Each structure stands twice: as C-alpha cells, then as structure tokens.
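Q: Sequence first, predicted model second:
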Amino acid sequence: MNQAVRFRPIITFALAFLLLILWFAPRADAAAQWQAGTAYKNGDLVTYQNKDYECIQAHTALTGWEPSVVPALWKYVGEGSGGETPTPDTAPPSVPAGLTSSSITDTSVSLSWNASTDNVGVAGYEVYRNGVLVTNTSTTTAVVTGLTAGTTYVFTVKAKDAAGNISAASTSLSVTTSNGSSNPGPTGSKWLIGYWHNFDNGSTNIRLRNVSTAYDVINVSFAEPISHGSGTLAFTPYNATVAEFKSDIAYLQSQGKKVLLSMGGANGTIELTDAIKRQQFEDSLKSIISTYGFNGLDIDLEGSSLSLNAGDTDFRSPTTPKIVNLIQGVKAVKSHFGANFILTAAPETAYVQGGYLSYGGPWGAYLPVIHALRNDLTLLHVQHYNTGSMVGLDGRSYAQGTADFHVAMTEMLLQGFHVGGSTGPFFSPLRPDQLAIGVPASQQAAGGGYTTPADLQKALNYLIKGVSYGGSYTLRQPAGYAGIKGIMTWSINWDAYTNNQFSSAHRPFLSGLSTQMKKEVVY
C-alpha cells in the first residue's frame, strides 16, 4: 500500500484540528477587557460588558470611570466586535419621565427626572427651556440659572447615547420663578476681593487705609488661636494701634468697602474638637468683630483644621467633631450679628472639587461645611492655586493657571456633582452670585496657579457671558452664568509689590461687566 495514501487521513485530521485551534484562539487585534488602573491612549480599543469602546481621551482608568458611564473618555463602537467591523447603534434611549422641579428662586430652578434606558447605555441628557437647549448633564439633575424673577418657563429633557441617538422630549414642565433676591449679602456690582496681610512677609508693608481703591472687599488676615489646640482666637494689628486700625476700617467703610476678619490661614490651625473649644471660638470671634467693627467673617482653614474622620462618609450628615462644631460655631456667630453679616470662605480645591472623585481625609472635607452654610454663605472663592491639576465634570484633567481650569472648577459648583464617585450623594449647586474665582496676584504670591490677566478674563467672559475662547472645556450651560460675582486674590500686598498690576488689569474689566449687565437688564 502507498505510504502517502496510508497517512493522508491522519494529515487531514491534523490540519482540521489546527484550524479549529486557530479559529478559537484570541485574535491579535481583539479588544482587551477594560481594567481600572490601566493607562489608555487615544485609539485604544477595550471591551466592557460585551461592548466595544474606543478611547478618545488619554487617561489612567479609575473605578467609576467605566466606558459605559464616561462618554468624555470612551466612544461606543459596537457589540462585542473583537476588533471587527461593529454593528451601528441606531436605537435612541427611552424618553425621560418624571420631570419635576425644586429649589425655585428668583433666578434659578433645580430640575430632576427618572433615568432613561438604552440598548447600550445612556450618555447624558439635554435640558431645554422654552424649546431652546440650555444645558447638558450626565446625571438626572440640573440647575438652570440666569432666569428672571416672577416669570414662567417651560422645561423639557431629552436623553442621548454615545452614538448620538437622542430620545423624544419628555413631558413639559412649567415653572414660575419667585420674586425678590435670595442673596443675603450686598448685591450689584462685580467684586474684586483681596486679602490684606497682618504680618510682614517681604511683599509690601502697607497701612490698611492705604489699600487700593480698586478693591470692594478686604479680608484682614488672620485671626489665629492663642495657643495650639485652643478654640480662642486672637487678633492684634501688627503695624497700627487698636485705635488706628479701627479708624482705618471705618475709613474704608466710608468709601463703600466691606472689611472682613479672615480666620485661619496656612499657620492658623483651628480644630474645634469639643463643645468647650466651640464656645471659646464663638465668644472670641464675637469680641474681635465687635471691637473692630468688621463687616463679616472669612473662613480660610487649611491643613488639619478640616479633615474627615474614618467612617464619616456623607457630607449631608457629618460626624467628625471638628467639622460639626465649626458649622455650629459659625452659624452662632452669624446669627449674633444678623442678616447683614457677610460670610465668605476660601478653601483649597482638594477640599471642595477634590471630593468629586474621592471623599475622605482632606478630600472634600469642606463640602459638609459649605452644604450646611449654603443659605448663610455670601461668597465662596475657592483657591485656584497651589493645587496641581484637577478633574472636571467632563472627566478630563485640567492644569492650574489656565482658562480651562477656572471654567471647569467653577462650573462644578454651578452644576453640582456626585461626591466620591458617580454613585455618591449629590452636592447641589450654589447660586452664581455666591461664587468668585480665587487667583494669585503675582507670580511670587503662590507656588503655582498664577494666571495672566488675558487668560483669566477669557475664562470669566465664557463663564459669565457664554463667549467661548475655543478651549477644551465646554460649558454645560452655553449662555453662561451672569450672576458670578468676580475675582478674589491673594493678596493685596503682593499686588502692591508689583505696582498694582493685578488690580489695574481687572478692576476696569469687572466694572465693564457690571455696566454691561445693568444695560442688559434695562433693555
């Protein structure tokens, strides 16, 4: 018998077996499973829950940034394609239901609705006012601002997926705004807020009465504990007698300025760990403010002054004693001085926007304070410096000192955000008139985050008027937020060190915005 004939069936079987192995072996171009902790670059393909996605923004993946929930980072490309040509997604999400309103003021309204469903995943929602798109959101809540008091508006919501399919509009909801302003503090012009040093750090030594007239609010820095661990705060002018300093404050107030006492600072650790320290805190602040005639109080706590204890996981119901006592103490001081008492705060970004991704320790530690005091707070001016890069609502990271950073960080507080990840409790937005942007007055004033006047004004024009500069961050409310209050700076002394270059650049700009806003209201 021919040997070739004898072995032909064996060879045929071996080839067939080899083809089966090759058929079922993983393909080189197949999409890998998405994994947290992996660094992805533009164009990378992954599979998540049997669906394929393409990376559209380089990043290192975190839990909570799964492709199906972060359309800013991933684009859906098909059903389990394994690298082959995907099947196009043409099915729109279901129509949003249950649209309702809450927290209605004279200029804003909070909206919420039930989540839509989709064959792949809902990427976000579009909110319409009187048929015109006003904002986009990735959550089932939105705050629409810039409204007119005593006016009826009609709202609808549409759902959209990553493939661009959009649902039909929800059932319409009519909302009438309230009459009158809800701002407890002074209103009107755009403000320039500056910190005045009660110490000599090599910048410029100036008397309080000689502060540039460009500033509307002057924060005298700082009231500090009399000793480590004490709740009693003290303040003594460093370059004037008590009588002279009181006279300086009265002089500035006669010009229409507001002069506040700022407490804390980088070296003034205030930890109200028990009720005794809280009472010391209240009594000493009432005495200092009354003695000098300050218009209000600024909260500038840093370092260990605010830090969340283990197990303190919900900003709406804090359990850390020094946070609970601080809230109660500040409320008591404000109540003592009445409705015209101005209350401001200047937290670092880690303590506020940092809570977006992580909540614990210092991360997000100011959020329970801001939340509890939101009806008492005149201004929040987060320090947009000495911070490094931060992640915005679009899932992208933005570097300090840029227009995009200022826009992204500010809109987080105007739109609100889930704390500690996408499933965490929702931190409701603040009113635009409660917000100002905090920046260094010069390169020497901070370790990082200095922004040129041109870039800062580009950011404010976009935030306030909706005039885009073509940056990477896109406002969820395209028309902007007209009520944003202005600019805070550290510091008046560093501004004087550079011959008032900072205030000379920004005072005319802010005054111009004020004039324009008044004309728009009139016409």
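A: Arrived safely. Numbering: from 1, shown residues only.
Q: so the most centrally placed residue in the chain is in which element?
A: For the chain, residue 412 is the residue whose C-alpha lies nearest the centre (Cα atoms, centre = their mean; 3.3 Å). Element membership for residue 412, per DSSP states H and E: helix 403-415.
Q: And the average pLDDT for the helix or strand following that helix is what?
A: Moving toward the C-terminus from helix 403-415, the next helix or strand (DSSP H and E) is strand 417-418. When the per-residue pLDDT values of strand 417-418 are averaged, the result is 96.
Q: so what strands line up beside strand 417-418?
A: strand 426-427 (antiparallel) (DSSP bridges).
Q: Mind listing what's buried along stretch 411-422?
A: For stretch 411-422, burial by neighbour count (16 or more other Cβ atoms under 10 Å) applies to 411, 412, 413, 414, 415, 416, 417, 418, 419, 420, 422. Quick note: C-beta positions are derived from backbone N, CA and C, even for glycine.
Q: roughly how far out does that stretch sit from the chain middle?
A: Centroid displacement of stretch 411-422 relative to its chain, using Cα atoms, centre = their mean, to the nearest Å, is 7 Å.
Q: Check stretch 206-222 too.
A: 27 Å.
Q: Look up how far residue 276 lies from the residue nearest to residue 423 when sequence neighbours are not counted.
A: Computed as Cβ to Cβ, 6 or more residues apart in numbering, the closest residue to residue 423 that is not its neighbour in sequence is residue 64, at 7.6 Å. The span separating residue 64 from residue 276 equals 41 Å under the rule Cβ to Cβ, to the nearest Å.
Q: what about these two, which has more around it?
A: Using other Cβ atoms under 10 Å, the more surrounded residue of residue 64 and residue 276 is residue 64, with 18 against 12.
Q: check contacts around residue 279.
A: Shown in contact with residue 279 (Cβ atoms under 8 Å, 6 or more residues apart in numbering): residue 231.
Q: I'd guess it is in a strand, am I close?
A: No - according to DSSP: H, G, I helix; E, B strand; the rest coil, the state of residue 279 is helix, so it is not within a strand.
Q: how far away is the residue nearest to residue 423 from residue 141?
A: The value you get for residue 64 to residue 141, if Cβ to Cβ is used, is 18 Å.
Q: Could you do residue 417 as well?
A: Note on residue 417: its distance to residue 141, by Cβ to Cβ, is 10 Å.
Q: got it, and residue 251?
A: Between residue 251 and residue 141 the distance, using Cβ to Cβ, works out to 47 Å.
Q: Neighbour count: these two, which is higher?
A: More neighbours surround residue 141 than the other of residue 251 and residue 141, with 18 against 15 (other Cβ under 10 Å).
Q: ok, for the more buried one, nearest residue in space, not its chain neighbours?
A: Skipping the residues right next to it in sequence, residue 141 comes nearest to residue 112 by Cβ to Cβ, 6+ apart, at 4.7 Å.
Q: Now residue 45. Its backbone dihedrals?
A: The main-chain torsion angles of residue 45 are listed as degrees, to the nearest 10 and equal phi -110, psi 140.
Q: List the buried residues in the helix or strand containing the residue nearest to residue 141.
A: Counting by DSSP H and E, the secondary-structure element that holds residue 112 is strand 109-114. Neighbour counts using 16+ other Cβ under 10 Å place 109, 110, 111, 112, 113 of strand 109-114 among the buried residues.
Q: Tell me if I'm right that the fourth one and residue 140 touch.
A: Yes - between residue 112 and residue 140 there is a contact at 6.0 Å, judged by Cβ atoms under 8 Å.
Q: Contact partners for residue 255?
A: Residues near residue 255 by Cβ under 8 Å, 6+ apart: residue 213.
Q: Please report the distance of it from residue 195.
A: Distance, residue 255 to residue 195, using Cβ to Cβ: 18 Å.
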